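In: Provide a 3D model corresponding to the input given below.
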Amino acid sequence: MKAVEIADGIYWVGVIDWNIRDFHGYSTYQGTTYNAFLIMDDKITLIDTVKKEFAEELIAKISQIVDPKKIEYVISNHTEMDHSGSLPRLMHKIGEDKPLYCSKMGHKNLSRHFSQKWNYHPVETGDKLNIGKRTLTFLETRMIHWPDSMFTYLNEDKILFSSDGFGQHYASMERFDDEVGDEIMPHALKYFANILMLYSSHILKLMDKVMQMALPFDMICPDHGIIWRKDPSKIISSYLNWCHQNPKRKALVVYDTMWHSTETMAEAIAEGLAGEGVDVKPLSLRHC
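Out: Below you'll find the predicted structure:
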């Protein structure tokens with residue numbers, strides 16, 4: 001697949017992993033993507049890389065747009081290997097003296113994983129980087145979902161590069177939410193429930209911080225799955241709702257039975273719940 005221009009002079013240069021079915025014990029029956037983004041400006045900037053085994057594909061996509069050696073800045077929003085695994089190959093290609101921006105914890109992780117000699121520039125919330133006609137603002141997002149995590153905001157284009165936040169494990173030739181429709185939301189919910197729900201309190205604090213910074217979003221670009229461009233507020237409001245974990249009047253009665261007596265009890269419980277207006281479903285473990 002070719003690089004995709006997602007906004008004027010801004011390109012998706014990530015890769016699609018069609019075949020992965022297990023991601024840290026999380027079933028990924030529809031594959032995933034590892035998203036990386038190239039910003040063409042006076043100082044050409046790459047945001048994140050991809051899994052190690054896809055390094056050459058990343059470099060090939062960049063080469064469709066520009067000679068990779070012309071990249072001036074690299075930003076690492078998250079040091080987990082699916083986003084940083086290609087860094088050694090990339091830095092060797094573009095020059096290990098090129099500035100690499102990351103959080104303080106990101107600096108610690110990357111220097112231990114890879115090289116202590118790279119030209120690291122640790123950043124904090126509110127720090128800015130001018131790349132020519134555009135300015136990037138950094139936002140630390142510790143424990144969403146790693147201590148090193150951070151977001152990068154492109155001020156002029158109102159684009160948030162959100163690392164693992166707002167992502168989905170979803171492999172598709174389409175790059176945007178409006179190209180796939182509502183079928184993406186269950187994947188976003190599953191991703192949240194399996195990876196980020198534990199950090200709901202951190203996410204709510206982050207949302208408050210973003211509101212205080214008054215950052216408008218025209219597009220949200222996560223490191224996995226599709227890009228939110230039609231209505232970024234939809235996924236933000238969904239996250240707020242999921243983080244509050246407000247229970248719905250729904251119940252699942254899970255049971256196993258040998259001689260059907262337990263099944264009879266489960267059905268009685270389900271009928272009682274239904275009588276109280278609860279949306280209920282009995283589920284036999286033998287028929288899952």
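
In: residues contacting the residue nearest to residue 87 when sequence neighbours are not counted?
Out: Using Cβ to Cβ, 6 or more residues apart in numbering and skipping the chain neighbours, the partner closest in space to residue 87 is residue 49 (5.4 Å). For every residue, glycine as well, the C-beta is placed using N, CA and C. Neighbour list for residue 49: 36, 55, 58, 74, 76, 83, 84, 85, 86, 87, 90 [criterion: Cβ atoms under 8 Å, 6 or more residues apart in numbering].

In: Looks to me like the last one is in a helix.
Out: Yes - when the secondary structure is assigned by DSSP: H, G, I helix; E, B strand; the rest coil, residue 90 falls within a helix.

In: For it, which non-adjacent residue is closest in space?
Out: residue 49 (5.7 Å).

In: Are we agreed that that neighbour is in a helix?
Out: No - under three-state DSSP, residue 49 sits outside any helix and is assigned coil.

In: Please tell me how far the most centrally placed residue in the chain sits from residue 128.
Out: Centroid-nearest residue in the chain: residue 164, 2.7 Å away (criterion: Cα atoms, centre = their mean). Note on residue 164: its distance to residue 128, by Cβ to Cβ, to the nearest Å, is 23 Å.

In: cool, and residue 97?
Out: Counting by Cβ to Cβ - residue 97 and residue 128 are separated by 22 Å.

In: And stretch 34-53, what's buried?
Out: Judged by neighbour count using 16 or more other Cβ atoms under 10 Å, the buried positions of stretch 34-53 are 34-41, 43-51.

In: Torsion angles phi and psi at the most far-flung residue of the chain relative to its centre?
Out: Centroid-distance maximum for the chain: residue 259 at 46.8 Å, with Cα atoms, centre = their mean. Residue 259 adopts backbone torsions of phi -120, psi 20, taken as degrees, to the nearest 10.

In: Quick one: residues contacting residue 48.
Out: Counting by Cβ under 8 Å, 6+ apart, residue 48 touches 35, 36, 37, 75, 76, 77, 78, 83, 84, 161, 163, 223.

In: right, I mislabeled it, should have said residue 253
Out: 266, 269, 270, 273, 280, 281, 282, 283.
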